[in-house]
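Chemist: the sequence and its predicted three-dimensional model are supplied below.
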Amino acid sequence: MHKLEEKRGKRKVTHHFSHVTEKDGSKKHVYLGTDPKQATERLTKLQVERMRSNNRLIKDMDDVQKRLERLGHHNRPYDSVVDDLRLRYHKQRQAEKMLSQGAKENFPLSTYILVIAAVLILGVSFYYMLSDPAVTGAAVGGVTKLATNHAISAVSGMLVVIAILGLVLHAAEHRHRHRHDRFKRPE
């Protein structure tokens, strides 16, 4: 075990280090802390974890330990376990959402465009029918006055405003529902 002394104010703090041989044969420099008792305990623990032997009993114990690690969360860090749980939870929620959306269908943007196009085509056809009459007479004069009336222009303006508001509200709702999609994990 190596020691490194650091001066903090008037007192000296001793840091303990050691080298631990990895499974591939390389040596790794390990910091063991400032307390000498805990440093020796940590060093012993690290050496026992990396102990290799030709003894059949030790090999069997290593195999059993590997199986136990595969079966449970024995040697996994806490963050890894939490990430797995979160991923499973999000996948389950996504599947439930897809199944529930299969029954109900959203009102698509193309429907808004079709409704606006139909209203515009209907309005243009009424305008051409009423502004260019084929029959002359007093009845046609009344219909022409009706076509040039301010009420009809106000109603057509209101239809355009309602269509624009519908498009804006639909876009806002779509953005609100899908605002976190860019943060979802890839699947």
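Modeler: Yes, it's here.

Chemist: let me see the mean pLDDT of the longest helix along the chain.
Modeler: With secondary structure taken from DSSP state H, the chain has its longest helix at helix 150-177. For helix 150-177, the mean pLDDT works out to 80.

Chemist: what helices or strands is it leaning on?
Modeler: helix 109-131 (3 or more CB pairs under 8 Å, 6 or more residues apart in numbering; DSSP states H and E). Every C-beta, even on glycine, is put in place using the N, C-alpha and C of the backbone.

Chemist: the inter-axis angle of the helix it packs on versus helix 150-177?
Modeler: Relative orientation of helix 109-131 and helix 150-177, computed by axes from the mean of the first three to the mean of the last three CA atoms, to 10 degrees: 170 degrees.

Chemist: export helix 109-131 as CSV, just CAs?
Modeler: Output of helix 109-131 as CSV, limited to C-alpha atoms (Å, rounded to 0.1, in the frame of the first residue of the first chain):
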residue,chain,number,x,y,z
LEU,A,109,-55.2,18.4,-40.3
SER,A,110,-56.3,17.2,-43.8
THR,A,111,-59.9,17.3,-42.7
TYR,A,112,-59.5,21.0,-41.8
ILE,A,113,-58.1,21.6,-45.3
LEU,A,114,-60.9,19.7,-47.0
VAL,A,115,-63.6,21.6,-45.0
ILE,A,116,-62.0,25.0,-45.9
ALA,A,117,-61.7,24.0,-49.5
ALA,A,118,-65.3,22.9,-49.6
VAL,A,119,-66.5,26.2,-48.0
LEU,A,120,-64.4,28.2,-50.5
ILE,A,121,-65.7,26.3,-53.5
LEU,A,122,-69.3,26.7,-52.3
GLY,A,123,-68.8,30.4,-51.7
VAL,A,124,-67.2,31.0,-55.1
SER,A,125,-69.9,29.0,-56.8
PHE,A,126,-72.6,31.1,-55.0
TYR,A,127,-70.8,34.3,-56.0
TYR,A,128,-70.6,33.4,-59.6
MET,A,129,-74.2,32.2,-59.7
LEU,A,130,-75.5,35.3,-58.0
SER,A,131,-73.3,38.0,-59.6
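
Chemist: mind listing the strands for this structure?
Modeler: Assigned by DSSP state E, the chain shows strands spanning 2-8, 11-21, 27-33.

Chemist: adding mean neighbour count, distance to Gln65 and mean pLDDT, write the ones you listed out as TSV.
Modeler: Converted to TSV, the strands of the chain look like this (neighbours: other CB atoms under 10 Å; distance: least, CB to CB, whole Å; pLDDT from 0 to 100):
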stretch	mean neighbour count	distance to Gln65	mean pLDDT
strand 2-8	9	30	83
strand 11-21	13	18	85
strand 27-33	13	20	85
